[in-house]
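**Q** For reference, the sequence and a predicted model appear below.
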Amino acid sequence: MKKYFSFILVAVLSVSTFAQNSISDGIRRFDNVLFEKQIQRAETAIGFIYYSDSETCGSVVPWIRNEIKLAAARTLRIKIIDTSSLSSEGQIVATRGVSFGQMKKSSEQKEYIISGTYFPNAENLELFLDLKDSTGELVASEKIIIPMSEVKSLNLTLFPKNSMQANQILKDFEDAKVASVAEKDVSSIKNGSSEKQNIPKPDYLITAAMLDSEDNLVNMLYPNDIVKFMISGEKDSYIAILCIDANGDKNWLPVENNFIRAGEVRTFPDLKDTIFKVVDGVYGAEQILIYASTSEKGLPEQTSTGKYAKNDIQKITRGITAVKQSSAENYETSVFKITYTVME
């Protein structure tokens with residue numbers, strides 16, 4: 001009898017453990033946390049869900065987002081809203097640090113954002129979901145296990161086919177930022193600056209985000225989708241926009257008025273009767289690089305078209321730094337990267 005009871009107990013624990021790892025149960029636990037905090041209604045947007053730290057994703061993400069919506073519909077407190085409904089605080093959380101213009105003061109009615117990352121591990125897909133409020137404070141976090149067999153049965157992908165190119169561009173971008181800071185430090189020393197350079201300071205803040213035709217923040221697109229970019233800087237800036245598509249083709253996007261006042265939020269394209277449309281037949285991770293400078297002389301020459309090659313970003317960024325160092329005019333430069341995935 002004791003053995004039988006033990007078997008039943010183990011079986012119940014096993015079922016319970018599996019249930020706790022489902023998306024539905026994870027969202028239900030988020031709902032319970034809100035209940036414990038005496039939150040009666042939580043307007044919640046689904047932010048970005050990435051494959052590891054690659055800033056890309058596969059077709060598994062639309063499925064995950066849909067499962068979150070279905071699970072939230074069965075809760076008492078979580079109401080899923082579009083990201084276009086978020087306040088500026090909510091946009092910051094949804095885009096992991098992007099802000100636009102002057103921040104609004106937090107209201108008593110907080111918004112919430114669910115975002116996450118996922119990793120393949122043996123026979124399972126490990127999904128880590130975070131629930132944050134509009135100030136960026138972590139409310140709850142859940143680790144969810146999705147059997148890889150389920151992912152395969154639904155014919156879902158984990159990452160884009162051109163992930164190697166996307167990872168190379170990500171690495172080049174990070175290397176370019178490090179190289180730019182290092183060169184600025186060397187320039188400071190040559191100029192006899194007495195300021196300590198122990199902690200390298202990044203370039204001034206330039207931020208951007210991609211919006212769909214309904215003003216939702218997006219990092220997943222489909223052929224023929226129409227998009228636009230919100231861009232803001234903490235200083236008066238001149239900008240240039242470089243697109244690297246899934247095939248590795250580089251193109252400078254047309255800009256009519258490339259000057260943005262400090263704290264101003266500008267939307268591009270800004271040319272009359274011009275739209276940015278996702279090309280059909282080209283799938284995978286793509287990047288938008290927003291180059292900014294407090295002087296037009298600090299912008300890169302918009303001639304680097306053709307296929308992307310390793311270290312291209314460093315070459316462009318280093319070119320900006322070289323111009324700055326050889327000029328008597330004192331100005332600053334910065335660059336911001338948006339990565340998104342075009343789905344089949």
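**A** Alright, I've got the coordinates. Residues are numbered from 1 along each chain as shown.
**Q** got a list of what the closest residue to Asp215 other than its chain neighbours touches?
**A** In this structure, Asp215 finds its nearest non-sequential neighbour in Ser84, 4.1 Å apart by Cβ to Cβ, 6 or more residues apart in numbering. The way it works is simple: take the backbone N, C-alpha and C, and place the C-beta from them, glycine included. Ser84 sits next to Leu211, Glu214, Asp215, Asn216, Leu217 when contact means Cβ atoms under 8 Å, 6 or more residues apart in numbering.
**Q** Relative to Ile46, how far out is Ser84?
**A** Noted for Ser84: a distance of 12 Å to Ile46, by Cβ to Cβ, to the nearest Å.
**Q** try Ile113
**A** Note on Ile113: its distance to Ile46, by Cβ to Cβ, is 8 Å.
**Q** likewise Ser88?
**A** Taken as Cβ to Cβ, the span from Ser88 to Ile46 is 18 Å.
**Q** between the two, who's got more neighbours?
**A** Neighbours were counted for Ser88 and for Ile46 using other Cβ atoms under 10 Å; Ile46 has more, 22 against 15.
**Q** and the two most separated of the contacts of Ser84?
**A** Of all pairs drawn from the contacts of Ser84, the widest gap by Cβ to Cβ lies between Glu214 and Leu217 and measures 10.7 Å.
**Q** re the thing from before, rebuild the contacts of Ser84 as JSON lines, extending it with secondary structure.
**A** Below are these laid out as JSON lines (DSSP: H, G, I helix; E, B strand; the rest coil):
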{"residue": "Leu211", "secondary structure": "strand"}
{"residue": "Glu214", "secondary structure": "coil"}
{"residue": "Asp215", "secondary structure": "coil"}
{"residue": "Asn216", "secondary structure": "coil"}
{"residue": "Leu217", "secondary structure": "strand"}
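**Q** now those residues in JSON lines, with pLDDT, distance to Tyr283 and neighbour count?
**A** Converted to JSON lines, the contacts of Ser84 look like this (pLDDT from 0 to 100; distance: Cβ to Cβ, whole Å; neighbours: other Cβ atoms under 10 Å):
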{"residue": "Leu211", "pLDDT": "95", "distance to Tyr283": "21", "neighbour count": "17"}
{"residue": "Glu214", "pLDDT": "94", "distance to Tyr283": "22", "neighbour count": "10"}
{"residue": "Asp215", "pLDDT": "94", "distance to Tyr283": "24", "neighbour count": "14"}
{"residue": "Asn216", "pLDDT": "95", "distance to Tyr283": "21", "neighbour count": "15"}
{"residue": "Leu217", "pLDDT": "95", "distance to Tyr283": "21", "neighbour count": "21"}
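**Q** Give me the helix or strand of this structure that scores worst on average pLDDT.
**A** Least confident helix or strand of the chain, by mean pLDDT, DSSP states H and E, is helix 2-20 with a mean of 43.
**Q** Just the buried residues of the following helix or strand past that helix, please?
**A** Using DSSP states H and E, the helix or strand that follows helix 2-20 towards the C-terminus is helix 23-36. For helix 23-36, burial by neighbour count (16 or more other Cβ atoms under 10 Å) applies to Ile23, Ser24, Asp25, Gly26, Ile27, Arg28, Arg29, Phe30, Asp31, Val33, Leu34.
**Q** Give me the phi and psi for the closest residue to the fifth one other than its chain neighbours.
**A** Okay, so that is Ile27. Ranked by Cβ to Cβ, 6+ apart and with sequence neighbours excluded, the top spatial neighbour of Ile27 is Ala71, at 3.7 Å. Note on Ala71: backbone dihedrals following degrees, to the nearest 10 are phi -70, psi -40.
**Q** Please apply the same query to Leu70.
**A** According to degrees, to the nearest 10, Leu70 has phi -60, psi -40.
**Q** cool, and Val151?
**A** When quoted as degrees, to the nearest 10, the phi and psi of Val151 stand at phi -60, psi -40.
**Q** residue contacts, it?
**A** Val151 makes contact with Val60, Leu125, Leu158 under the criterion Cβ under 8 Å, 6+ apart.
**Q** at 10 Å instead, please
**A** Going by Cβ atoms under 10 Å, 6 or more residues apart in numbering, Val151 touches Gly58, Ser59, Val60, Trp63, Ile64, Tyr118, Pro120, Asn124, Leu125, Thr157, Leu158.
**Q** Neighbours of the fourth one, how many?
**A** Neighbourhood size, Trp63 [other Cβ under 10 Å]: 16.
**Q** That one contacts Ile146, doesn't it?
**A** Yes. Counting by Cβ atoms under 10 Å, Ile146 is a contact partner of Trp63 at 9.4 Å.
**Q** which residues are common contacts for the two?
**A** By Cβ under 10 Å, 6+ apart, the residues touching both Trp63 and Ile146 are Ile23, Leu156.
**Q** Endpoint to endpoint, stretch 264-276 covers what distance?
**A** End-to-end distance for stretch 264-276, by Cα to Cα, to the nearest Å: 21 Å.
**Q** what's it in contact with?
**A** Under Cβ under 10 Å, 6+ apart, the answer for stretch 264-276 is 88, 99-102, 207-208, 210-211, 213, 215, 225-233, 236-237, 239, 241, 243, 253-260, 288, 290.
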